[in-house]
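> got a sequence here, can you build the structure:
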Amino acid sequence: MTETPDGPDTPLSARVSAPERLPHPAHPDVAVWRGATVDDVDAIHAVIAAADRVDHPTWVTPREDVADTFALPDVDHLADTVLGFTADGDPIAVGSVMRHPDTSATLKVHLDGAVHPRWRRRGIGGRLLAWQSERARQVLAASDLALPGEVHLYVHDGNDGAVVLAERAGMTTERWFTTMERDMSRPVPEPDVPDRVSLHAFDPMWDEAARAARNDAFRDHWGSLPTPPERWAQFTGGAFLRRDLSTLAVVEDRIVAFCLASVNEDDWVTLGVSNSYIDLIGVVRDHRGEGLAPLVISRTLRAIAAAGLERAVLDVDTASPTGANALYERLGFTPTERDRVFVSRF
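Have a look, this model is predicted:
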C-alpha cells in the first residue's frame with residue numbers, strides 16, 4: 001500500500017492512484033452493503049460493542065463515541081462508512097475511513113471497524129479492509145496538498161485475524177501502545193508543589209487554554225496532530241470527562257501541565273472494578289524537566305481515590321519521547337495489555 005514515487009514535495013493527487021468509483025464490498029454472507037446515516041448509530045455500535053467484548057474485553061466503545069462522529073463537519077459517513085447486513089437485517093460488519101481535520105504537517109487517515117464475532121472466519125473482514133484501503137486511497141488522492149500521507153489502523157494484541165489482514169494489505173507495525181493500571185488501594189504520593197505553580201480542577205473557563213496546552217505538549221509525539229476546537233469541545237463537553245478528577249497546573253495564568261480523566265461506568269462491568277480512565281497527560285515543551293507531570297498525575301490519582309474508585313487506567317506509547325512509561329511505573333502503574341498501530345505511508 002505504500003506509494004511515494006515522487007516524494008512528499010509532490011501533491012498527493014499526483015502521487016497516489018485510486019479508483020474513480022468504488023463499489024461497496026461483495027460477500028455471499030452479506031445481503032446488503034450500504035453507506036451509513038445518523039439513523040445507523042445503534043447498528044454501528046451493536047457491531048463494534050460485540051467485537052470489543054472479544055477483541056479487548058476490559059473496555060467497550062461507548063455509544064456516545066459513535067454518535068459524536070456524526071456531528072463532525074469533516075466526516076461524511078455516507079461515503080466513508082460502509083455497513084453490512086444479513087438478509088434478516090441484522091448488522092454484522094462496519095468499516096469507516098476518517099481523515100484527520102488538521103493538515104498542517106500530514107494528511108492522516110484512520111481506519112476503524114469490525115466484523116461481528118459470530119460472522120468471522122468467512123472472509124468478510126478481508127473484503128471490508130480491502131474497501132477501506134481503497135477508500136483511504138481515494139481520500140488521499142483527492143488532496144492537492146504536498147504533504148506526507150498516512151493511513152493508520154489500531155489492532156489489539158491478540159487479535160491475530162486483524163493482524164493477518166493488515167499485513168496482507170501491505171501495512172506494517174510502526175508503534176506499540178501499552179495499557180497500564182493502578183490499584184487505588186495503594187497510597188498516592190503527594191509531591192511538593194513549587195510556589196509559582198498552582199493546581200486546579202478543570203474549570204470550563206480553561207477549556208480553550210487547555211486545548212492550546214494539549215496541542216503544544218503533543219506536537220512532538222508520534223502520530224499526534226493538533227486537536228481542532230470542535231473535536232476538543234466534544235471531548236470536554238461530553239458525557240465522560242470528569243473535571244473534578246482532572247488536574248491543571250498553572251503558572252502565571254498559563255496552563256503548563258495537565259492530567260485529564262474520565263469515567264465510563266460501562267467499563268466497570270467489563271474491567272470488573274470501578275475505574276477512571278486517564279485520557280491525556282502532558283507538559284508544555286518549555287516547562288518539561290520541572291517535575292510537573294508527577295504533580296498533576298498525583299493530584300488526579302488522589303481525586304480518583306477520594307471518589308472511591310478502585311482502579312486508574314491509562315495508555316502510553318512504549319517509545320514515548322518523554323519517558324512516560326518509567327514515570328507511570330514509579331507512580332504505581334503496571335502494564336496489562338497492548339495495541340499495535342499499522343501504518344501505510346504515501
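> tell me the secondary structure for Trp131?
Assigned state for Trp131: helix (three-state reduction, DSSP: H, G, I helix; E, B strand; the rest coil).
> residues near His200, how many?
Counted with other C-beta atoms under 10 Å, the neighbours of His200 add up to 17. Glycine gets a C-beta too; all of them are placed from N, C-alpha and C.
> how about Arg121?
Neighbour count for Arg121, taken as other C-beta under 10 Å: 9.
> wouldn't it be in contact with Val164 here?
No. Look at Arg121 against Val164 with C-beta atoms under 8 Å: they stay out of range, at 11.2 Å.
> let me know the helix or strand that the residue most central in space within the chain is in.
For the chain, Tyr154 is the residue whose C-alpha lies nearest the centre (C-alpha atoms, centre = their mean; 8.5 Å). Taking DSSP states H and E as the definition, one finds Tyr154 inside strand 149-156.
> okay, that strand in PDB with CA atoms only?
Included here for strand 149-156 are C-alpha records, laid out as PDB according to Å, rounded to 0.1, in the frame of the first residue of the first chain:
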ATOM      1  CA  GLY A 149       0.000  10.800   3.500                       C
ATOM      2  CA  GLU A 150      -0.500   8.200   6.200                       C
ATOM      3  CA  VAL A 151      -3.200   5.500   6.900                       C
ATOM      4  CA  HIS A 152      -3.400   4.200  10.400                       C
ATOM      5  CA  LEU A 153      -5.100   1.100  11.800                       C
ATOM      6  CA  TYR A 154      -5.000   0.100  15.500                       C
ATOM      7  CA  VAL A 155      -5.200  -3.600  16.400                       C
ATOM      8  CA  HIS A 156      -5.400  -5.000  19.900                       C
END
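> buried stuff in the helix or strand following it?
Note on strand 149-156: by DSSP H and E, the next helix or strand toward the C-terminus is helix 160-168. Neighbour-count burial for helix 160-168 flags Ala162, Val163, Leu165, Ala166 (criterion: 16 or more other C-beta atoms under 10 Å).
> stretch 83-98: how far from the chain's middle?
Taking the mean C-alpha point of stretch 83-98 and that of its whole chain, the gap between them comes to 22 Å (C-alpha atoms, centre = their mean, to the nearest Å).
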